[in-house]
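Asker: Quick one, fold the following:
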Amino acid sequence: MPTVTGGYGIRPKLTFPHVKPPNTLEVKVLHKGNGPVVRNPDLIVCNYYGQVWRGKVFDTSFGRGLFPTPIGVGAVIPGWDKGLVGVHAGSRVLLVIPAAEGYGKSGQPSAGIPGNATLAFVIDVVGVYNHTVHGDVHATVLHKTVKGITVSGKLGQVPTIKVTPKTPEPKSVTLTVLDRGHGPKLKPGVLVDQYVAESWQNTVSGSTYTQGFPDGETIPAANAKSALSGLVGVPLGSRVLIELPKSANGGPFAIVMDVIAQPHEPKG
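Answerer: Model (predicted):
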């Protein structure tokens, strides 16, 4: 196994032994945290550092920003899906991943990963979130109906959206706080949320409650052209209504989102 220098929260450095890499997935917990355990499927928020065995560093989130991803649903390579299950939040883990559990015979040339490459990842698991996470059950109710869109269901429950017939379609992205939570105000960065998205014809087009794990998004700066930029300044724990106009991706849509957590970069 490679030697790793640098503690949890600090960009690591790997030193590889002068031997052939292992041909099976190897997992080593370098620092054990005491947070929730990663199960399948869960959303994790992490920092990672990836290097080809005795080769180039092909990617890292250290210095760029935390990375949210579900585990166990094929969103990442099999070595992650298998190797991170059972790890506690707050842990630093070393994964050595053979090609069969990574990018296989073809590799990932655009990232500098050759075919049949063995990969080494150092991963800091910052947060773990399962399907039961929810908003602030004591949030202050501000609106139940907005311009013909009625939202029912308390915080902690799956929201139900009803778009009244002949409700005018949105011409631009609009965000309304339905229930104001009591947490700190959101800043640009990673957000953990639960949501239901519904078309103007009252057809559900997406739901974290159906997929079985929460969503991880990145909030850009408040002046960015993004449907999520309006979340800057909204208190954690809140429920918001986002109206999206018609676009090449379909729509219009009414999205009810519960903003649940905003993990931050750990201090080394």
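Asker: Could you check how far the strand or helix carrying residue 43 is from the centre of its chain?
Answerer: Assigned by DSSP states H and E, residue 43 belongs to strand 42-52. Mean-position distance between strand 42-52 and its chain equals 11 Å (Cα atoms, centre = their mean, to the nearest Å).
Asker: Return the list of strands paired to the helix or strand following that strand, each annotated with direction.
Answerer: Heading C-terminal from strand 42-52, the first helix or strand you meet, by DSSP H and E, is strand 57-60. Strand 57-60 has its sheet partners listed here by DSSP bridges as strand 42-52 (antiparallel).
Asker: Can you report the mean pLDDT over the residues of the strand it pairs with?
Answerer: In this model, strand 42-52 carries a mean pLDDT of 98.
Asker: begin at 38 from here
Answerer: Sure, I'll start numbering at 38, so the last one becomes strand 79-89.
Asker: For it, list the C-alpha coordinates in PDB.
Answerer: The C-alpha coordinates for strand 79-89 follow below in PDB (Å, rounded to 0.1, in the frame of the first residue of the first chain):
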ATOM      1  CA  ASP A  79     -26.400   7.400   0.900                       C
ATOM      2  CA  LEU A  80     -25.200  10.700  -0.200                       C
ATOM      3  CA  ILE A  81     -21.600  11.600   0.900                       C
ATOM      4  CA  VAL A  82     -19.800  14.900   0.800                       C
ATOM      5  CA  CYS A  83     -16.100  14.500   0.600                       C
ATOM      6  CA  ASN A  84     -12.700  15.700  -0.500                       C
ATOM      7  CA  TYR A  85     -10.600  13.400  -2.700                       C
ATOM      8  CA  TYR A  86      -7.200  13.000  -4.200                       C
ATOM      9  CA  GLY A  87      -6.700  10.600  -7.100                       C
ATOM     10  CA  GLN A  88      -3.400   9.300  -8.500                       C
ATOM     11  CA  VAL A  89      -2.400   6.600 -10.900                       C
END
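Asker: Break this structure into its domains for me.
Answerer: Split into domains by automatic domain parsing, the chain comes to 40-166, 177-298.
Asker: Go through those domains and name the closest to residue 304.
Answerer: When the domains of the chain are compared by Cβ to Cβ, domain 40-166 sits nearest residue 304, at 5.7 Å. No exception for glycine: its C-beta is placed from N, CA and C like everyone else's.
Asker: where along the stretch 38-187 of the chain do the strands fall?
Answerer: Using DSSP state E, counting those that start in this stretch, the strands assigned to the stretch 38-187 of the chain run over residues 40-42, 50-52, 63-68, 79-89, 94-97, 104-108, 128-134, 156-166, 177-178, 182-183, 186-189.
Asker: mind putting the ones you listed in a markdown table, mean neighbour count and distance to residue 261 included?
Answerer: Putting the strands of the stretch 38-187 of the chain into a markdown table (neighbours: other Cβ atoms under 10 Å; distance: least, Cβ to Cβ, whole Å) gives the following:
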| stretch | mean neighbour count | distance to residue 261 |
| --- | --- | --- |
| strand 40-42 | 12 | 35 |
| strand 50-52 | 14 | 34 |
| strand 63-68 | 16 | 35 |
| strand 79-89 | 23 | 21 |
| strand 94-97 | 16 | 23 |
| strand 104-108 | 21 | 18 |
| strand 128-134 | 24 | 32 |
| strand 156-166 | 25 | 23 |
| strand 177-178 | 12 | 28 |
| strand 182-183 | 14 | 23 |
| strand 186-189 | 18 | 25 |
